[in-house]
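J.: Got a predicted model here, sequence first, then my questions.
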Amino acid sequence: MRVSIMEERMTGGFNDRANLAFESAELALREAEQYLNGVVVGPFDSSQAGLHAVIANGDDYNFWKGSACSATAFDWTAGACSYVTSTKQLSHTAAPPRYVIEQYADAVVSGGSMRAGQPKQVSKVYRITARGVGGQMSTAVILQTTYKR
C-alpha cells in the first residue's frame, strides 16, 4: 500500500514538472518570439524589463537557477533581476512564466553576394531564456532558444 502511494506521488511530481512547467516555459518562449516579430523591438540595454545585451554567463544553465541577482546568478523570483512576466498563465500553475531576451551581434546571412560593392545581408540574432513553473513554485523548467530576425 505504501509503495503504491509513493509511486502516485512520484508520478504526480513528474507530471507537474514535465507537463505544466515545461508547457509554461514554452508559452513564454512563444510570447517572446511574438515580441521579436514586432515592427519595433528593443532597446537591448537593460533599460526595459527583460531586454539585455548578451549576458556574460547566460550560456551556463546554473546561472539561470540562481538565488540572487548578480554577475554569476539570475534570480527569477525576487524581482531584482530584469525579466518580463508573461501576460498569459496556464491554469493550475503557481505563477505566470517569465522570460529574458538577449541581443547578440548581427550575423551575416550565408549565401549572400560576395561581390565588391554589394551590401552584406545581416540578420539580428537573439537568445530567449524562459522559466515556467508547475503547480508549485519549486517545480521549474528553464528553456532557451536562439531566434533570428
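T.: Alright, I've got the coordinates. Everything quoted here is computed from the prediction, not taken from an experiment.

J.: CA only for contacts and neighbour counts going forward, please
T.: Noted.

J.: so where do the strands sit in the chain?
T.: 51-53, 84-85, 98-103, 107-108, 122-123, 125-133, 140-148 (DSSP state E).

J.: any weak-confidence spans in this protein?
T.: Residues of the chain meeting the criterion pLDDT under 70: 1-18, 111-114, 116.

J.: Of all the strands of the chain, which one comes closest to A21?
T.: Proximity to A21 (Cα to Cα) singles out strand 125-133 among the strands of the chain, at 4.3 Å.

J.: May I see the strands of the chain arranged in CSV, with mean neighbour count and distance to R115 as well?
T.: Shown next, in CSV, are the strands of the chain (neighbours: other Cα atoms under 10 Å; distance: least, Cα to Cα, whole Å):
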stretch, mean neighbour count, distance to R115
strand 51-53, 20, 32
strand 84-85, 19, 42
strand 98-103, 25, 28
strand 107-108, 13, 14
strand 122-123, 14, 15
strand 125-133, 25, 24
strand 140-148, 17, 24
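
J.: In JSON lines, list the ones you listed along with distance to R30.
T.: Compiled in JSON lines, the strands of the chain are given as follows (distance: least, Cα to Cα, whole Å):
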{"stretch": "strand 51-53", "distance to R30": "16"}
{"stretch": "strand 84-85", "distance to R30": "13"}
{"stretch": "strand 98-103", "distance to R30": "10"}
{"stretch": "strand 107-108", "distance to R30": "22"}
{"stretch": "strand 122-123", "distance to R30": "20"}
{"stretch": "strand 125-133", "distance to R30": "10"}
{"stretch": "strand 140-148", "distance to R30": "10"}
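
J.: Please identify which of the ones you listed is closest to S70.
T.: strand 51-53 (14.2 Å).

J.: And the contacts of that closest one?
T.: 42-46, 82-83, 100-104 (Cα atoms under 8 Å, 6 or more residues apart in numbering).

J.: now do stretch 68-76
T.: 56-57, 62-67, 78, 80-81, 83, 98, 131.

J.: cool, stretch 118-130 as well?
T.: Under Cα under 8 Å, 6+ apart, the answer for stretch 118-130 is 25-26, 28-29, 32, 97-109, 112-114, 142-149.
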